[in-house]
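S.K.: no FASTA, just this:
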């Protein structure tokens with residue numbers, strides 16, 4: 001009886017939502033678009049000013065360390081320090097002192113979406129251009145542009161490695177995998193079920209900002225987005241969005257798209273890590289994440305429920321084949337081979353496993369403990385509203401694998417840490433480890449080996 005009551009109640013809520021939706025006056029799409037286009041320059045200017053105040057965004061490549069396909073890794077901490085402060089001085093202060101003096105670097109605070117009150121999927125221009133070239137599908141938003149410079153993002157397109165065919169190296173051959181070319185590239189190295197899973201991963205489905213309804217954020221009616229529009233070639237292009245499962249709006253976290261490499265060794269998925277399998281995550285993305293967690297809007301805009309036993313399973317089976325990039329300096333246990341590593345890298349591994357406490361959460365061989373940790377960053381700053389984002393705390397966040405980490409800038413769940421050096425400085429403060437300058441340099445050298 002209780003189940004019947006719950007079902008009736010849920011149905012009534014759904015009906016009420018639809019009644020509310022039907023009662024709303026239809027949007028005048030041309031007027032909304034004109035209004036948002038007019039507001040775009042001022043919104044972009046405000047966000048650019050925030051980035052400039054927080055970060056050094058210059059293109060300054062490291063002398064050593066490149067991504068797998070050769071893109072230079074950016075060097076140096078990019079978070080700007082308050083006047084008169086150094087990283088060494090900051091590390092000597094207690095969390096309470098940093099909080100009271102307002103000395104916590106702005107670049108270490110939660111990073112807002114380029115327009116936090118609006119939110120939504122937002123893609124780097126290099127990805128927009130290539131998708132338009134291959135598919136004539138335009139992922140441009142008329143109201144917003146992506147915010148971070150290309151040199152601070154992952155290489156594009158990234159290589160793709162399969163656990164089942166390591167002999168092939170980069171299976172993508174340097175191409176962006178799309179609906180136009182996936183079959184030709186993969187027909188001889190995947191079975192039919194895996195090939196169908198990949199097809200679904202590169203098939204456009206309606207999404208909150210990219211669909212055919214008049215409340216979209218694309219100029220023309222749109223077929224939608226694909227899983228691989230964010231998780232490019234099974235990796236990431238650092239596209240951004242807001243989590244769908246936090247309200248009100250100012251408390252929602254910006255998302256830096258995580259890599260799908262090595263999902264076969266992971267056990268937690270979704271922005272709040274409530275999903276326990278890649279199948280759950282794949283189905284959740286289509287039904288909820290694509291539409292801000294709103295099932296009513298999903299139905300209105302064209303949700304495409306996937307059949308769990310075949311389609312979701314096929315997509316998950318392909319994702320489970322995605323491998324980390326080669327790490328020639330690591331042995332079979334995922335640790336440095338001292339015969340191949342430099343003295344600095346060997347020292348960095350010792351710091352990683354010792355004083356820096358990295359390995360507590362990131363143990364070899366995949367450098368994840370497959371759980372979540374609350375870093376309690378709120379110890380270091382007072383709550384503040386920044387461009388529509390309430391910076392107060394981060395809460396528990398997932399321990400992502402560090403294998404291939406040099407290929408995945410920017411860092412942390414919202415992309416606030418632009419370089420590996422920023423990441424080291426951030427955790428040196430958060431964990432209060434008081435690393436020396438040499439220890440920090442050695443630690444970065446080790447991270448580039450993973």
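M.R.: It's in. Computed from a predicted structure; not experimentally measured.
S.K.: in the chain, which helix is the longest?
M.R.: helix 29-54 (DSSP state H).
S.K.: who does the very next helix or strand once past that one pair up with?
M.R.: Elements were assigned by DSSP states H and E; along the chain past helix 29-54, the next helix or strand is strand 61-66. Strand partners for strand 61-66, identified by DSSP bridges, are recorded as strand 72-74 (antiparallel).
S.K.: which residues are contacting the partner strand?
M.R.: The contact list for strand 72-74 (CB atoms under 8 Å, 6 or more residues apart in numbering) reads 59-62, 65-67, 151-152, 406, 409, 418-420, 448. Where C-beta positions appear, they are placed from N, C-alpha and C, glycine not excepted.
S.K.: any idea of the mean pLDDT in that strand?
M.R.: The average pLDDT within strand 72-74 is 98.
S.K.: and for residue 28, the neighbour number?
M.R.: 11 (other CB atoms under 10 Å).
S.K.: ugh, wrong one, I meant residue 416
M.R.: As a burial measure, residue 416 scores 25 neighbours (other CB under 10 Å).
S.K.: also residue 227?
M.R.: For residue 227, the neighbour count with other CB under 10 Å is 22.
S.K.: shouldn't it be in contact with residue 204?
M.R.: No: Residue 227 is beyond contact range of residue 204, at 9.9 Å (criterion: CB atoms under 8 Å).
S.K.: any idea how far stretch 350-364 is from the middle of the chain?
M.R.: Here stretch 350-364 is found 23 Å from its chain centre; the criterion is CA atoms, centre = their mean, to the nearest Å.
S.K.: what is the mean pLDDT for it?
M.R.: pLDDT averaged over stretch 350-364 gives 98.
S.K.: and the end-to-end length of that stretch?
M.R.: Distance across stretch 350-364, first residue to last, is 13 Å (CA to CA, to the nearest Å).
S.K.: which residues are contacting it?
M.R.: Residues outside stretch 350-364 that contact it (CB under 8 Å, 6+ apart): 333-335, 368-369, 371, 373, 399, 401-402, 424, 427-428, 431, 433, 435, 439, 442-443, 446-447.
S.K.: among the residues you listed, name the ones in helices.
M.R.: Reading helices off these with DSSP H, I get 424, 427, 428, 439, 442, 443, 446, 447.
S.K.: follow-up on the earlier one: show the buried residues in the contacts of stretch 350-364.
M.R.: Among the contacts of stretch 350-364, those classed as buried by 16 or more other CB atoms under 10 Å are 368, 399, 401-402, 424, 427-428, 431, 433, 435, 439, 442-443, 446-447.
S.K.: and which of those is nearest residue 139?
M.R.: Relative to residue 139, the closest of the buried ones among the contacts of stretch 350-364 is residue 401; by CB to CB it sits at 27.8 Å.
S.K.: ok, and the closest non-adjacent residue to that closest one?
M.R.: residue 368 (4.3 Å; CB to CB, 6 or more residues apart in numbering).
S.K.: can you check residue 63 too?
M.R.: Residue 63 sits nearest to residue 75 (CB to CB, 6+ apart), 7.6 Å away.
S.K.: surely that neighbour touches residue 58?
M.R.: No: at 10.4 Å, residue 75 does not count as touching residue 58 under the criterion of CB under 8 Å.
S.K.: name the helix or strand for residue 194, please.
M.R.: Take DSSP H and E as the rule and residue 194 turns out to sit in helix 192-201.
S.K.: could you do residue 414 as well?
M.R.: Using DSSP H and E, residue 414 sits in no helix or strand.
S.K.: got the phi/psi numbers for it?
M.R.: Main-chain dihedrals, residue 414, degrees, to the nearest 10: phi -110, psi 10.
S.K.: same check on residue 242?
M.R.: Backbone geometry at residue 242, expressed as degrees, to the nearest 10, gives phi -120, psi 150.
S.K.: kindly report the same for residue 434.
M.R.: Main-chain torsions, residue 434, degrees, to the nearest 10: phi 50, psi 50.
S.K.: can you tell me the closest non-neighbouring residue to it?
M.R.: residue 91 (5.4 Å).
S.K.: same check, this time on residue 322
M.R.: Using CB to CB, 6+ apart, the closest residue to residue 322 is residue 234 (4.1 Å).
S.K.: let me see the contact set for the one you found.
M.R.: If you count contacts by CB under 8 Å, 6+ apart, then residue 234 has 160, 228, 259, 260, 261, 319, 322 around it.
S.K.: now do 6 Å
M.R.: By CB atoms under 6 Å, 6 or more residues apart in numbering, the contact set of residue 234 is 160, 260, 322.
S.K.: please identify the helix or strand for the first one.
M.R.: Read that as residue 160. Using DSSP H and E, no helix or strand contains residue 160.
S.K.: would you agree it is in contact with residue 171?
M.R.: Yes: contact criterion CB atoms under 6 Å: residue 160 and residue 171 qualify, at 5.1 Å.
S.K.: which one's more surrounded, the two?
M.R.: The neighbour comparison of residue 160 against residue 171 (other CB under 10 Å) goes to residue 160, with 25 against 20.
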